[in-house]
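*Asks:* predicted model, plus sequence, below.
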Amino acid sequence: MKMPILKCRKGETDDEENSKEIDREIKQWIKSYNEAIKLLLLGTGESGKTTIIKQMKILHVQGFSASDRAEKIQFIRQNIHESIYDITSHMPALGLELQNFSNEPSRQYIMRCGPQGPAEFDEEYFDHVLKLWRDGGVKESFRRNNEYQLIDSAEYFLDRVDLVARPDYLPSDADLLRCRQKTTGIQKIEFKVKVPKSMQGGVQDFWMFDVGGQRGERKKWIQVFEGIHAIWFLVACSDFDQRLREDLSQNRLKEALELFEDVWQSRFLLEAGLIVFLNKQDLLENKIKQGKSIATYFPEYNEYKAAGDEYTRTRLFIRSMFADVTTRKRERKKMSTSAEKFIVLEGNKPRECFFHFTTATDTDNVAAVFRDVHQIILKQIFSSMGIF
Ligand SMILES: Nc1nc2c(ncn2[C@@H]2O[C@H](COP(=O)(O)OP(=O)(O)OP(=O)(O)O)[C@@H](O)[C@H]2O)c(=O)[nH]1
Ligand SMILES: [Mg+2]
(Lines give C-alpha, C1' and ligand atoms only; values in the text may rest on other atoms or scores of the structure.)
(Ligands and ions follow the chains in the order given, each with its own letter.)
Protein backbone atom coordinates (compact mmCIF):
# COMPACT_ATOMS: atom_id res chain seq x y z
CA MET A 1 0.00 0.00 0.00
CA LYS A 2 1.40 3.42 -1.00
CA MET A 3 0.68 6.20 1.50
CA PRO A 4 0.83 9.84 0.41
CA ILE A 5 3.47 11.79 2.32
CA LEU A 6 2.12 14.82 4.16
CA LYS A 7 4.20 17.98 4.26
CA CYS A 8 4.29 18.30 8.01
CA ARG A 9 2.94 16.64 11.11
CA LYS A 10 -0.19 17.67 12.91
CA GLY A 11 0.70 19.29 16.19
CA GLU A 12 4.14 20.43 15.15
CA THR A 13 2.95 23.98 14.85
CA ASP A 14 0.29 26.17 16.47
CA ASP A 15 -0.31 27.93 13.23
CA GLU A 16 -4.07 27.57 12.70
CA GLU A 17 -3.85 27.97 8.95
CA ASN A 18 -1.28 25.25 8.67
CA SER A 19 -3.39 22.97 10.85
CA LYS A 20 -6.46 23.55 8.65
CA GLU A 21 -4.36 22.82 5.62
CA ILE A 22 -3.34 19.48 7.13
CA ASP A 23 -6.94 18.66 7.96
CA ARG A 24 -7.86 19.37 4.36
CA GLU A 25 -5.05 17.12 3.18
CA ILE A 26 -6.19 14.27 5.42
CA LYS A 27 -9.77 14.62 4.20
CA GLN A 28 -8.43 14.68 0.68
CA TRP A 29 -6.42 11.56 1.38
CA ILE A 30 -9.49 9.74 2.68
CA LYS A 31 -11.42 10.87 -0.40
CA SER A 32 -8.69 9.98 -2.86
CA TYR A 33 -7.61 6.82 -1.06
CA ASN A 34 -8.97 4.47 -3.65
CA GLU A 35 -7.40 1.45 -2.05
CA ALA A 36 -9.83 -0.09 0.41
CA ILE A 37 -8.85 -1.05 3.94
CA LYS A 38 -8.44 -4.80 3.75
CA LEU A 39 -9.45 -6.95 6.69
CA LEU A 40 -8.99 -10.69 6.92
CA LEU A 41 -11.03 -12.90 9.25
CA LEU A 42 -9.08 -15.86 10.61
CA GLY A 43 -9.79 -18.51 13.23
CA THR A 44 -10.60 -22.20 13.60
CA GLY A 45 -13.77 -23.77 12.18
CA GLU A 46 -17.03 -22.53 13.75
CA SER A 47 -15.32 -19.64 15.55
CA GLY A 48 -17.78 -17.12 14.05
CA LYS A 49 -16.02 -15.58 11.01
CA THR A 50 -18.92 -15.87 8.58
CA THR A 51 -21.29 -14.60 11.28
CA ILE A 52 -19.21 -11.40 11.40
CA ILE A 53 -19.52 -11.09 7.60
CA LYS A 54 -23.30 -11.41 7.95
CA GLN A 55 -23.27 -8.66 10.59
CA MET A 56 -21.34 -6.38 8.20
CA LYS A 57 -24.10 -6.99 5.62
CA ILE A 58 -26.71 -6.00 8.20
CA LEU A 59 -24.79 -2.98 9.49
CA HIS A 60 -23.07 -1.60 6.40
CA VAL A 61 -24.75 -3.05 3.30
CA GLN A 62 -28.50 -3.25 2.66
CA GLY A 63 -29.00 -6.32 4.82
CA PHE A 64 -30.81 -9.39 3.52
CA SER A 65 -33.39 -9.32 0.74
CA ALA A 66 -36.50 -11.54 0.70
CA SER A 67 -34.79 -13.80 -1.82
CA ASP A 68 -31.63 -14.05 0.38
CA ARG A 69 -33.92 -15.15 3.21
CA ALA A 70 -35.90 -17.63 1.10
CA GLU A 71 -32.64 -19.17 -0.09
CA LYS A 72 -31.65 -20.01 3.49
CA ILE A 73 -34.84 -21.84 4.50
CA GLN A 74 -33.51 -25.15 3.25
CA PHE A 75 -30.20 -24.68 5.09
CA ILE A 76 -32.00 -23.86 8.35
CA ARG A 77 -34.18 -26.95 8.01
CA GLN A 78 -31.04 -28.93 7.29
CA ASN A 79 -29.50 -27.45 10.50
CA ILE A 80 -32.54 -28.76 12.40
CA HIS A 81 -32.12 -32.19 10.96
CA GLU A 82 -28.37 -32.31 11.59
CA SER A 83 -29.05 -31.26 15.21
CA ILE A 84 -31.78 -33.75 16.07
CA TYR A 85 -30.00 -36.54 14.18
CA ASP A 86 -26.68 -35.97 15.98
CA ILE A 87 -28.29 -35.61 19.42
CA THR A 88 -30.40 -38.75 19.01
CA SER A 89 -27.85 -40.96 17.26
CA HIS A 90 -25.28 -40.42 20.04
CA MET A 91 -27.63 -41.55 22.82
CA PRO A 92 -26.59 -45.26 22.84
CA ALA A 93 -22.88 -44.32 23.05
CA LEU A 94 -23.68 -42.05 26.01
CA GLY A 95 -25.67 -44.86 27.68
CA LEU A 96 -28.92 -42.87 27.34
CA GLU A 97 -32.43 -44.01 26.46
CA LEU A 98 -35.60 -42.20 25.54
CA GLN A 99 -37.47 -41.16 28.65
CA ASN A 100 -40.83 -41.73 27.01
CA PHE A 101 -40.89 -45.04 25.11
CA SER A 102 -43.84 -43.88 23.00
CA ASN A 103 -41.31 -41.64 21.18
CA GLU A 104 -39.49 -44.69 19.80
CA PRO A 105 -41.24 -44.52 16.37
CA SER A 106 -40.06 -40.89 16.07
CA ARG A 107 -36.49 -41.92 16.88
CA GLN A 108 -36.66 -44.65 14.24
CA TYR A 109 -38.13 -42.23 11.70
CA ILE A 110 -35.30 -39.71 12.20
CA MET A 111 -32.64 -42.44 12.09
CA ARG A 112 -34.12 -43.77 8.84
CA CYS A 113 -33.71 -40.30 7.29
CA GLY A 114 -29.92 -40.69 7.73
CA PRO A 115 -27.53 -37.76 8.20
CA GLN A 116 -28.54 -36.26 4.84
CA GLY A 117 -32.11 -35.60 6.01
CA PRO A 118 -35.62 -36.42 4.78
CA ALA A 119 -36.74 -36.32 1.16
CA GLU A 120 -39.23 -33.66 2.21
CA PHE A 121 -39.46 -31.43 5.29
CA ASP A 122 -43.18 -32.00 5.76
CA GLU A 123 -45.55 -31.86 8.74
CA GLU A 124 -44.95 -35.49 9.64
CA TYR A 125 -41.20 -34.91 9.75
CA PHE A 126 -41.44 -31.87 12.04
CA ASP A 127 -43.89 -33.69 14.36
CA HIS A 128 -41.29 -36.39 14.95
CA VAL A 129 -38.61 -33.76 15.62
CA LEU A 130 -40.85 -31.99 18.15
CA LYS A 131 -41.68 -35.21 20.01
CA LEU A 132 -38.02 -36.11 20.31
CA TRP A 133 -36.90 -32.62 21.34
CA ARG A 134 -39.42 -32.70 24.22
CA ASP A 135 -38.10 -36.07 25.46
CA GLY A 136 -36.04 -35.99 28.68
CA GLY A 137 -33.51 -38.55 27.37
CA VAL A 138 -32.91 -36.46 24.22
CA LYS A 139 -32.50 -33.36 26.40
CA GLU A 140 -29.89 -35.16 28.51
CA SER A 141 -28.00 -36.14 25.35
CA PHE A 142 -28.14 -32.48 24.27
CA ARG A 143 -26.80 -31.40 27.67
CA ARG A 144 -23.76 -33.67 27.14
CA ASN A 145 -23.09 -32.41 23.61
CA ASN A 146 -19.45 -31.62 24.31
CA GLU A 147 -18.91 -35.42 24.20
CA TYR A 148 -19.72 -35.49 20.47
CA GLN A 149 -19.99 -32.98 17.62
CA LEU A 150 -23.05 -30.71 17.50
CA ILE A 151 -23.60 -27.33 15.83
CA ASP A 152 -23.91 -24.36 18.19
CA SER A 153 -27.31 -23.34 16.84
CA ALA A 154 -28.96 -26.69 17.64
CA GLU A 155 -30.92 -25.42 20.66
CA TYR A 156 -31.84 -22.14 18.96
CA PHE A 157 -33.46 -23.86 15.96
CA LEU A 158 -34.94 -26.85 17.83
CA ASP A 159 -36.69 -24.36 20.11
CA ARG A 160 -38.20 -22.79 16.97
CA VAL A 161 -39.30 -25.91 15.07
CA ASP A 162 -42.93 -24.75 15.07
CA LEU A 163 -41.97 -21.53 13.33
CA VAL A 164 -39.48 -23.04 10.87
CA ALA A 165 -42.04 -25.75 9.92
CA ARG A 166 -44.61 -23.21 8.72
CA PRO A 167 -45.13 -23.15 4.93
CA ASP A 168 -44.86 -19.33 4.95
CA TYR A 169 -41.70 -19.29 7.09
CA LEU A 170 -39.20 -16.56 6.16
CA PRO A 171 -36.04 -16.41 8.30
CA SER A 172 -35.44 -13.32 10.45
CA ASP A 173 -31.99 -11.68 10.74
CA ALA A 174 -31.45 -13.59 14.00
CA ASP A 175 -32.23 -16.87 12.21
CA LEU A 176 -29.81 -16.05 9.38
CA LEU A 177 -27.08 -15.21 11.90
CA ARG A 178 -27.60 -18.63 13.52
CA CYS A 179 -27.72 -20.60 10.29
CA ARG A 180 -24.58 -22.71 10.05
CA GLN A 181 -22.87 -23.36 6.74
CA LYS A 182 -19.22 -24.32 6.67
CA THR A 183 -17.09 -22.00 4.53
CA THR A 184 -14.95 -23.51 1.81
CA GLY A 185 -12.74 -21.29 -0.33
CA ILE A 186 -12.40 -17.54 0.06
CA GLN A 187 -15.19 -14.97 0.09
CA LYS A 188 -15.06 -11.19 -0.02
CA ILE A 189 -17.52 -8.54 1.05
CA GLU A 190 -17.10 -4.85 0.18
CA PHE A 191 -18.70 -2.01 2.11
CA LYS A 192 -18.37 1.68 2.91
CA VAL A 193 -18.24 3.11 6.41
CA LYS A 194 -18.47 6.70 7.57
CA VAL A 195 -15.26 7.79 9.24
CA PRO A 196 -15.99 9.40 12.65
CA LYS A 197 -15.69 13.22 12.75
CA SER A 198 -12.97 12.80 15.37
CA MET A 199 -10.96 11.00 12.69
CA GLN A 200 -11.51 13.71 10.06
CA GLY A 201 -14.81 12.38 8.67
CA GLY A 202 -15.42 11.14 5.15
CA VAL A 203 -16.18 7.68 3.91
CA GLN A 204 -13.88 4.69 3.86
CA ASP A 205 -14.08 1.59 1.69
CA PHE A 206 -13.58 -1.76 3.38
CA TRP A 207 -12.90 -5.15 1.91
CA MET A 208 -13.39 -8.03 4.27
CA PHE A 209 -12.19 -11.53 3.44
CA ASP A 210 -13.70 -14.68 4.92
CA VAL A 211 -11.94 -18.05 4.75
CA GLY A 212 -12.76 -21.56 5.94
CA GLY A 213 -11.26 -22.29 9.36
CA GLN A 214 -11.11 -26.08 9.38
CA ARG A 215 -7.65 -27.60 9.01
CA GLY A 216 -8.18 -28.65 5.38
CA GLU A 217 -9.07 -25.05 4.44
CA ARG A 218 -6.09 -23.30 6.00
CA LYS A 219 -3.63 -23.99 3.18
CA LYS A 220 -5.69 -21.55 1.08
CA TRP A 221 -5.21 -18.66 3.51
CA ILE A 222 -1.86 -17.50 2.16
CA GLN A 223 -3.54 -16.44 -1.09
CA VAL A 224 -5.10 -13.48 0.71
CA PHE A 225 -2.24 -12.41 3.03
CA GLU A 226 -0.85 -9.83 0.60
CA GLY A 227 -1.73 -6.22 1.46
CA ILE A 228 -3.93 -7.03 4.47
CA HIS A 229 -4.15 -4.09 6.93
CA ALA A 230 -5.66 -5.96 9.84
CA ILE A 231 -6.48 -9.50 10.89
CA TRP A 232 -9.56 -10.18 13.00
CA PHE A 233 -8.79 -13.43 14.75
CA LEU A 234 -11.94 -15.15 16.04
CA VAL A 235 -11.84 -17.47 19.04
CA ALA A 236 -14.86 -19.48 20.20
CA CYS A 237 -14.33 -19.18 23.97
CA SER A 238 -17.08 -21.71 24.72
CA ASP A 239 -14.95 -24.32 22.94
CA PHE A 240 -12.92 -25.05 26.08
CA ASP A 241 -14.64 -28.43 26.72
CA GLN A 242 -15.04 -29.51 23.08
CA ARG A 243 -12.99 -31.59 20.71
CA LEU A 244 -12.04 -30.62 17.18
CA ARG A 245 -14.35 -31.88 14.44
CA GLU A 246 -11.35 -32.74 12.21
CA ASP A 247 -9.28 -34.39 14.97
CA LEU A 248 -11.06 -35.82 17.98
CA SER A 249 -7.80 -36.02 19.94
CA GLN A 250 -7.43 -32.23 19.98
CA ASN A 251 -9.17 -29.76 22.32
CA ARG A 252 -10.78 -26.95 20.30
CA LEU A 253 -9.46 -24.09 22.44
CA LYS A 254 -5.92 -25.54 22.34
CA GLU A 255 -6.23 -25.69 18.54
CA ALA A 256 -7.23 -22.00 18.54
CA LEU A 257 -4.21 -21.11 20.71
CA GLU A 258 -1.82 -23.01 18.44
CA LEU A 259 -3.34 -21.46 15.33
CA PHE A 260 -3.14 -17.99 16.88
CA GLU A 261 0.55 -18.53 17.61
CA ASP A 262 1.12 -19.47 13.94
CA VAL A 263 -0.73 -16.33 12.79
CA TRP A 264 1.07 -14.07 15.27
CA GLN A 265 4.45 -15.39 14.16
CA SER A 266 3.73 -15.57 10.44
CA ARG A 267 6.33 -13.50 8.61
CA PHE A 268 3.69 -12.74 5.94
CA LEU A 269 1.48 -10.98 8.46
CA LEU A 270 4.02 -8.92 10.42
CA GLU A 271 2.73 -5.68 8.89
CA ALA A 272 -0.94 -6.40 9.64
CA GLY A 273 -2.66 -5.17 12.78
CA LEU A 274 -4.05 -7.96 14.93
CA ILE A 275 -7.38 -7.84 16.74
CA VAL A 276 -8.57 -10.87 18.68
CA PHE A 277 -12.33 -11.37 19.03
CA LEU A 278 -12.87 -13.54 22.11
CA ASN A 279 -16.19 -14.71 20.74
CA LYS A 280 -19.22 -16.76 21.88
CA GLN A 281 -19.34 -14.99 25.25
CA ASP A 282 -23.05 -15.87 25.57
CA LEU A 283 -22.32 -19.59 25.21
CA LEU A 284 -19.32 -19.36 27.53
CA GLU A 285 -21.44 -17.71 30.21
CA ASN A 286 -24.11 -20.44 29.86
CA LYS A 287 -21.57 -23.20 30.25
CA ILE A 288 -20.14 -21.63 33.40
CA LYS A 289 -23.68 -21.18 34.78
CA GLN A 290 -24.24 -24.91 34.18
CA GLY A 291 -21.29 -25.55 36.50
CA LYS A 292 -18.69 -26.48 33.86
CA SER A 293 -15.14 -25.44 34.65
CA ILE A 294 -12.27 -24.66 32.31
CA ALA A 295 -9.93 -26.12 34.98
CA THR A 296 -10.91 -29.64 33.86
CA TYR A 297 -9.26 -28.96 30.50
CA PHE A 298 -6.73 -26.26 31.44
CA PRO A 299 -5.47 -27.13 34.96
CA GLU A 300 -3.39 -23.90 34.95
CA TYR A 301 -6.69 -22.15 35.70
CA ASN A 302 -6.42 -23.37 39.31
CA GLU A 303 -3.36 -21.13 39.76
CA TYR A 304 -4.87 -18.17 37.88
CA LYS A 305 -5.48 -15.18 40.11
CA ALA A 306 -8.14 -12.64 39.10
CA ALA A 307 -11.04 -10.95 40.82
CA GLY A 308 -14.66 -11.50 39.86
CA ASP A 309 -17.21 -14.25 39.46
CA GLU A 310 -16.44 -17.56 37.77
CA TYR A 311 -17.47 -16.38 34.29
CA THR A 312 -15.40 -13.18 34.54
CA ARG A 313 -12.38 -15.10 35.78
CA THR A 314 -12.76 -17.68 33.02
CA ARG A 315 -12.92 -15.12 30.24
CA LEU A 316 -9.95 -13.19 31.67
CA PHE A 317 -8.02 -16.45 31.91
CA ILE A 318 -8.75 -17.23 28.25
CA ARG A 319 -7.62 -13.73 27.29
CA SER A 320 -4.44 -14.14 29.32
CA MET A 321 -3.58 -17.35 27.43
CA PHE A 322 -3.84 -15.53 24.09
CA ALA A 323 -2.04 -12.44 25.41
CA ASP A 324 0.79 -14.71 26.59
CA VAL A 325 1.30 -15.89 23.01
CA THR A 326 1.93 -12.28 21.96
CA THR A 327 4.30 -11.51 24.81
CA ARG A 328 6.34 -14.68 25.09
CA LYS A 329 10.02 -13.77 25.35
CA ARG A 330 9.06 -10.17 24.65
CA GLU A 331 8.44 -7.03 26.67
CA ARG A 332 4.82 -6.43 27.64
CA LYS A 333 3.16 -3.18 28.57
CA LYS A 334 -0.49 -3.07 29.50
CA MET A 335 -2.47 0.02 28.53
CA SER A 336 -5.77 1.09 29.99
CA THR A 337 -7.98 1.69 26.98
CA SER A 338 -11.54 0.54 26.31
CA ALA A 339 -10.11 -2.36 24.37
CA GLU A 340 -7.29 -4.00 26.30
CA LYS A 341 -4.15 -3.23 24.40
CA PHE A 342 -0.77 -4.88 24.61
CA ILE A 343 2.17 -3.20 22.97
CA VAL A 344 4.91 -5.62 22.10
CA LEU A 345 8.35 -4.43 21.21
CA GLU A 346 10.09 -6.58 18.66
CA GLY A 347 13.43 -4.99 17.91
CA ASN A 348 12.54 -1.35 17.41
CA LYS A 349 9.17 -2.08 15.91
CA PRO A 350 6.13 -1.93 18.17
CA ARG A 351 3.52 -4.56 17.43
CA GLU A 352 0.05 -4.30 18.83
CA CYS A 353 -2.62 -6.84 19.62
CA PHE A 354 -6.09 -5.80 20.76
CA PHE A 355 -8.61 -8.00 22.53
CA HIS A 356 -12.39 -7.74 22.47
CA PHE A 357 -15.01 -9.93 24.14
CA THR A 358 -17.74 -10.53 21.57
CA THR A 359 -20.99 -12.33 20.80
CA ALA A 360 -21.00 -12.39 17.00
CA THR A 361 -24.73 -13.19 16.80
CA ASP A 362 -25.55 -9.95 18.68
CA THR A 363 -25.77 -7.08 16.17
CA ASP A 364 -25.52 -4.30 18.80
CA ASN A 365 -22.43 -5.87 20.30
CA VAL A 366 -20.74 -6.23 16.89
CA ALA A 367 -21.68 -2.64 15.96
CA ALA A 368 -20.02 -1.32 19.15
CA VAL A 369 -16.92 -3.46 18.66
CA PHE A 370 -16.70 -2.42 15.01
CA ARG A 371 -16.68 1.27 16.00
CA ASP A 372 -13.75 0.66 18.34
CA VAL A 373 -11.89 -1.49 15.89
CA HIS A 374 -12.47 0.96 13.05
CA GLN A 375 -10.79 3.69 15.12
CA ILE A 376 -7.89 1.39 15.96
CA ILE A 377 -7.32 0.58 12.28
CA LEU A 378 -7.55 4.21 11.20
CA LYS A 379 -5.13 5.25 13.94
CA GLN A 380 -2.72 2.56 12.79
CA ILE A 381 -2.88 3.79 9.22
CA PHE A 382 -2.60 7.44 10.21
CA SER A 383 0.28 6.71 12.56
CA SER A 384 2.10 4.96 9.75
CA MET A 385 1.72 8.29 7.92
CA GLY A 386 3.08 10.12 10.94
CA ILE A 387 -0.18 11.93 11.76
CA PHE A 388 -1.06 10.61 15.23
N1 LIG B 1 -24.55 -18.31 20.38
C2 LIG B 1 -23.59 -17.88 19.56
N3 LIG B 1 -23.42 -18.49 18.37
C4 LIG B 1 -22.44 -18.03 17.57
C5 LIG B 1 -21.60 -16.94 17.92
N6 LIG B 1 -20.75 -16.73 16.89
C7 LIG B 1 -21.07 -17.62 15.94
N8 LIG B 1 -22.08 -18.42 16.35
C9 LIG B 1 -22.68 -19.55 15.64
O10 LIG B 1 -21.66 -20.52 15.47
C11 LIG B 1 -21.81 -21.19 14.23
C12 LIG B 1 -20.51 -21.11 13.46
O13 LIG B 1 -20.29 -19.79 13.06
P14 LIG B 1 -19.64 -19.44 11.65
O15 LIG B 1 -19.66 -17.95 11.53
O16 LIG B 1 -20.26 -20.23 10.57
O17 LIG B 1 -18.15 -19.95 11.90
P18 LIG B 1 -16.91 -19.85 10.89
O19 LIG B 1 -15.76 -19.34 11.70
O20 LIG B 1 -17.27 -19.07 9.68
O21 LIG B 1 -16.67 -21.39 10.54
P22 LIG B 1 -15.94 -22.00 9.21
O23 LIG B 1 -16.64 -21.44 8.02
O24 LIG B 1 -16.07 -23.48 9.34
O25 LIG B 1 -14.51 -21.58 9.31
C26 LIG B 1 -23.00 -20.52 13.52
O27 LIG B 1 -24.13 -21.32 13.68
C28 LIG B 1 -23.17 -19.19 14.26
O29 LIG B 1 -24.51 -18.77 14.30
C30 LIG B 1 -21.79 -16.33 19.20
O31 LIG B 1 -21.09 -15.40 19.60
N32 LIG B 1 -22.80 -16.85 19.97
MG1 LIG C 1 -17.37 -19.57 7.75
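*Replies:* Arrived safely. Ligands and ions are numbered 1, 2, ... in the order given.
*Asks:* switch to C-alpha atoms for all contacts and neighbour counts from now on
*Replies:* Noted.
*Asks:* show me where this protein has helices.
*Replies:* Ranges of helices within the chain are 16-32, 49-60, 66-89, 104-113, 123-134, 136-143, 154-158, 161-165, 173-178, 252-265, 281-289, 310-327, 363-384, based on DSSP state H.
*Asks:* confidence score at Gln99?
*Replies:* For Gln99, the model assigns a pLDDT of 97.
*Asks:* count the neighbours of it for me.
*Replies:* For Gln99, the count of nearby residues is 16 (other Cα atoms under 10 Å).
*Asks:* kindly report the same for Ala306.
*Replies:* 12.
*Asks:* wait, doesn't it sit right on Arg313?
*Replies:* Yes - taking contacts as Cα atoms under 8 Å, Ala306 lies within contact range of Arg313: 5.9 Å.
*Asks:* burial of the closest residue to Leu284 other than its chain neighbours, as a residue count?
*Replies:* For Leu284, ignoring the flanking residues on the chain, the nearest one in space by Cα to Cα, 6 or more residues apart in numbering is Ser238 at 4.3 Å. Using other Cα under 10 Å, Ser238 is surrounded by 24 other residues.
*Asks:* list the contacts for Ser238?
*Replies:* Counting by Cα atoms under 8 Å, 6 or more residues apart in numbering, Ser238 touches 280-281, 283-284, 287.
*Asks:* where does it land on pLDDT?
*Replies:* Residue-level pLDDT assigned to Ser238 equals 98.
*Asks:* ok, the residue nearest the centre of the chain to ligand 1 distance?
*Replies:* Closest residue to the average C-alpha location of the chain: Gly48 at 2.9 Å, with Cα atoms, centre = their mean. Gly48 sits 3 Å away from ligand 1, going by Cα to the nearest ligand atom, to the nearest Å.
*Asks:* okay, the helices of the chain in CSV with mean neighbour count and mean pLDDT next?
*Replies:* Converted to CSV, these look like this (neighbours: other Cα atoms under 10 Å; pLDDT from 0 to 100):
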stretch, mean neighbour count, mean pLDDT
helix 16-32, 15, 63
helix 49-60, 20, 97
helix 66-89, 19, 98
helix 104-113, 16, 98
helix 123-134, 18, 98
helix 136-143, 19, 98
helix 154-158, 19, 98
helix 161-165, 17, 98
helix 173-178, 19, 98
helix 252-265, 19, 97
helix 281-289, 16, 98
helix 310-327, 17, 96
helix 363-384, 16, 85
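*Asks:* could you dump those into JSON lines with distance to Glu246 added?
*Replies:* Formatted as JSON lines, those follow (distance: least, Cα to Cα, whole Å):
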{"stretch": "helix 16-32", "distance to Glu246": "44"}
{"stretch": "helix 49-60", "distance to Glu246": "18"}
{"stretch": "helix 66-89", "distance to Glu246": "16"}
{"stretch": "helix 104-113", "distance to Glu246": "23"}
{"stretch": "helix 123-134", "distance to Glu246": "27"}
{"stretch": "helix 136-143", "distance to Glu246": "21"}
{"stretch": "helix 154-158", "distance to Glu246": "19"}
{"stretch": "helix 161-165", "distance to Glu246": "29"}
{"stretch": "helix 173-178", "distance to Glu246": "22"}
{"stretch": "helix 252-265", "distance to Glu246": "10"}
{"stretch": "helix 281-289", "distance to Glu246": "21"}
{"stretch": "helix 310-327", "distance to Glu246": "22"}
{"stretch": "helix 363-384", "distance to Glu246": "29"}
